[in-house]
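**Student:** What shape does this take:
(one chain, ligands or ions: 1)
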Amino acid sequence: MFDRLRAFHRPTTVAQALRLFEAERRRGGRGGWVAGGTDLVVQRDRTLRYLIDLTRLPLGYVRRVRGGWAIGATTRMADVEHSRQLLAFANGILPEAAGTCGSQQIRNMATVGGNLANASPACDLAPPLLALDAVVVVAGRGGRRTVPLERFFRGVNRTVLSGGLLVEIVVPAPPKAAKAAWSYQKLGRLQSDIAVVNAAAGVALDAHGTCTWARIALGAVAPTPLRARRAEALLEGRVLDRAVVDAAAEQAAAEAKPVTDLRGTAEYRRAMCRVLVARALAECAHRAGRSL
Ligand SMILES: Cc1cc2nc3c(=O)[nH]c(=O)nc-3n(C[C@H](O)[C@H](O)[C@H](O)COP(=O)(O)OP(=O)(O)OC[C@H]3O[C@@H](n4cnc5c(N)ncnc54)[C@H](O)[C@@H]3O)c2cc1C
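**Tutor:** Numbers count the residues shown, from 1 in each chain. Now for the predicted structure:
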């Protein structure tokens with residue numbers, strides 16, 4: 001399907017990749033970045049005239065930064081799934097989510113950067129990264145800029161990148177609290193299928209079980225992954241009990257804007273959104289040592 005490509009570049013540095021992109025842009029014709037190719041190949045876009053392969057760039061890493069983590073854009077899903085550092089961070093929700101991305105063969109090729117840059121509303125890494133307040137680092141003609149993940153997605157398969165190269169995802173240090181816990185939930189036809197609905201939650205509790213910080217992130221229920229901010233506000237300042245969990249889940253479902261497609265109806269998605277958020281919050285409570 002790439003039989004109409006006139007160029008396939010394999011840069012080894014970010015600077016070289018950006019120079020190649022700029023040269024191709026001046027030359028004209030459609031093209032862009034390719035990492036694992038697991039989204040791009042399936043899209044079968046025969047108008048592409050050049051591709052710049054990212055897999056030789058030195059961007060496959062998980063590194064400690066100021067109490068949080070930096071994840072290079074070409075880190076493969078399989079590497080996140082098995083990362084010992086990330087398994088020990090935030091209840092391991094990033095490895096858990098990465099581990100549900102397709103089959104083992106897909107995860108061996110698929111990258112973290114490709115998962116976000118492709119901007120599927122159902123992508124597996126967006127909800128946990130949103131619940132962790134992640135930011136992305138984008139390199140382009142004007143240098144490097146940092147964008148909160150919440151502002152990165154612009155619509156179905158649309159981001160703020162506009163030709164920029166996603167270089168790194170930075171997950172900041174978790175909030176300081178007596179207890180903090182996270183959970184990732186996914187509903188698919190099979191666990192490894194693309195999500196019908198997915199959700200992630202994070203809470204920080206003080207010594208009395210009062211929620212001092214909350215994050216609820218939803219996937220596959222709107223054109224972009226999103227935070228359910230009003231549901232988060234319902235949790236903050238309240239003791240995390242069953243009634244509060246149920247109210248927040250109800251509110252999160254009200255903030256969803258699902259559509260009907262071949263994977264599920266809008267009504268089903270909204271109902272499952274409520275169920276998944278309730279499960280996520282209940283799991284957070286359990287992990288923080290509270291029984292509901
Ligand atoms: C059978 C199958 C099952 C799948 N199951 C799931 C699933 O369960 N969950 C899920 O979330 N996804 C799933 N996917 C989708 C896909 O595997 C993931 O989204 C994957 O992470 C994409 O990464 P990639 O490196 O292969 O991206 P590519 O296909 O290489 O690129 C995807 C898009 O992102 C752009 N891009 C890639 N890297 C960058 C970068 N660093 N900077 C800027 N732009 C970039 C490319 O130009 C392209 O437009 C599945 C795909 C298949 C084929």
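**Student:** pLDDT score assigned to the residue nearest the centre of the chain?
**Tutor:** Geometric centre of the chain, nearest residue: A126, 1.8 Å, by CA atoms, centre = their mean. We note a pLDDT of 98 for A126 in this prediction.
**Student:** Repeat that for M1.
**Tutor:** On the pLDDT scale, M1 gets 66.
**Student:** Skip the chain neighbours and tell me the closest residue to S83.
**Tutor:** Once flanking residues are discounted, S83 sits nearest to V62: 5.1 Å by CB to CB, 6 or more residues apart in numbering. (C-beta placed from N, C-alpha, C; glycine too.)
**Student:** picking that back up, which residues touch the residue nearest to the centre of the chain?
**Tutor:** Shown in contact with A126 (CB atoms under 8 Å, 6 or more residues apart in numbering): N115, L116, L149, F153, A217, G219, P225.
**Student:** so where does the first one fall, helix or strand?
**Tutor:** Under DSSP states H and E, the secondary-structure element containing N115 is helix 112-117.
**Student:** Tell me the helices and strands packed up against that helix.
**Tutor:** strand 68-72, helix 77-81, helix 126-131, strand 165-171 (3 or more CB pairs under 8 Å, 6 or more residues apart in numbering; DSSP states H and E).
**Student:** could you redo the ones you listed as TSV and give each row distance to the ligand?
**Tutor:** Output for those, formatted as TSV (distance: least, CB to the nearest ligand atom, whole Å):
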stretch	distance to the ligand
strand 68-72	9
helix 77-81	6
helix 126-131	8
strand 165-171	3
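**Student:** Now distance to L57 too, for those, in JSON lines please.
**Tutor:** Below are these laid out as JSON lines (distance: least, CB to CB, whole Å):
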{"stretch": "strand 68-72", "distance to L57": "8"}
{"stretch": "helix 77-81", "distance to L57": "15"}
{"stretch": "helix 126-131", "distance to L57": "20"}
{"stretch": "strand 165-171", "distance to L57": "9"}
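**Student:** Determine which stretch of the ones you listed is the most buried.
**Tutor:** helix 126-131 (a mean of 29; mean count of other CB atoms under 10 Å).
**Student:** which neighbours does the helix or strand that it is followed by have in its sheet, and in what orientation?
**Tutor:** Next in sequence after helix 126-131, counting helices and strands by DSSP H and E, comes strand 135-140. With DSSP bridges as the test, strand 135-140 is paired with strand 143-148 (antiparallel), strand 165-171 (antiparallel).
**Student:** and the angle from strand 135-140 to strand 68-72?
**Tutor:** When axes from the mean of the first three to the mean of the last three CA atoms, to 10 degrees is applied, the directions of strand 135-140 and strand 68-72 differ by 40 degrees.
**Student:** sorry, back to before: what would the strands paired with strand 135-140 look like in CSV with mean pLDDT and distance to L130?
**Tutor:** Output for those, formatted as CSV (pLDDT from 0 to 100; distance: least, CB to CB, whole Å):
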stretch, mean pLDDT, distance to L130
strand 143-148, 97, 9
strand 165-171, 98, 11
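**Student:** near the ligand, which residues of the stretch 1-150 of the chain?
**Tutor:** 32-40, 42, 54, 73, 77, 100-102, 106, 109-111, 113-115, 117-118, 123-124 (CB under 6 Å from any ligand atom).
**Student:** T224 is in contact with G155, correct?
**Tutor:** Yes: contact criterion CB atoms under 8 Å: G155 and T224 qualify, at 6.4 Å.
**Student:** Overlap of the contact sets of these two?
**Tutor:** A119.
**Student:** Tell me which of the two has more neighbours.
**Tutor:** T224 (21 against 11; other CB atoms under 10 Å).
**Student:** Tell me the secondary structure at the more buried one.
**Tutor:** coil (DSSP: H, G, I helix; E, B strand; the rest coil).
**Student:** Next, it: phi, psi?
**Tutor:** Taking degrees, to the nearest 10, you get phi -130, psi 160 for the backbone angles of T224.
**Student:** Would you mind measuring from the closest residue to it other than its chain neighbours to the ligand?
**Tutor:** Computed as CB to CB, 6+ apart, the closest residue to T224 that is not its neighbour in sequence is F153, at 3.6 Å. From F153 across to the ligand, the span is 13 Å (CB to the nearest ligand atom, to the nearest Å).
**Student:** check contacts around F153.
**Tutor:** Here F153 is in contact with A119, A126, T159, T224, P225 (criterion: CB under 8 Å, 6+ apart).
**Student:** Break down the chain into its strands, ranges please.
**Tutor:** 7-9, 31-34, 50-53, 62-65, 68-72, 135-140, 143-148, 153-155, 158-159, 165-171, 179-187, 197-205, 211-219, 226-227 (DSSP state E).
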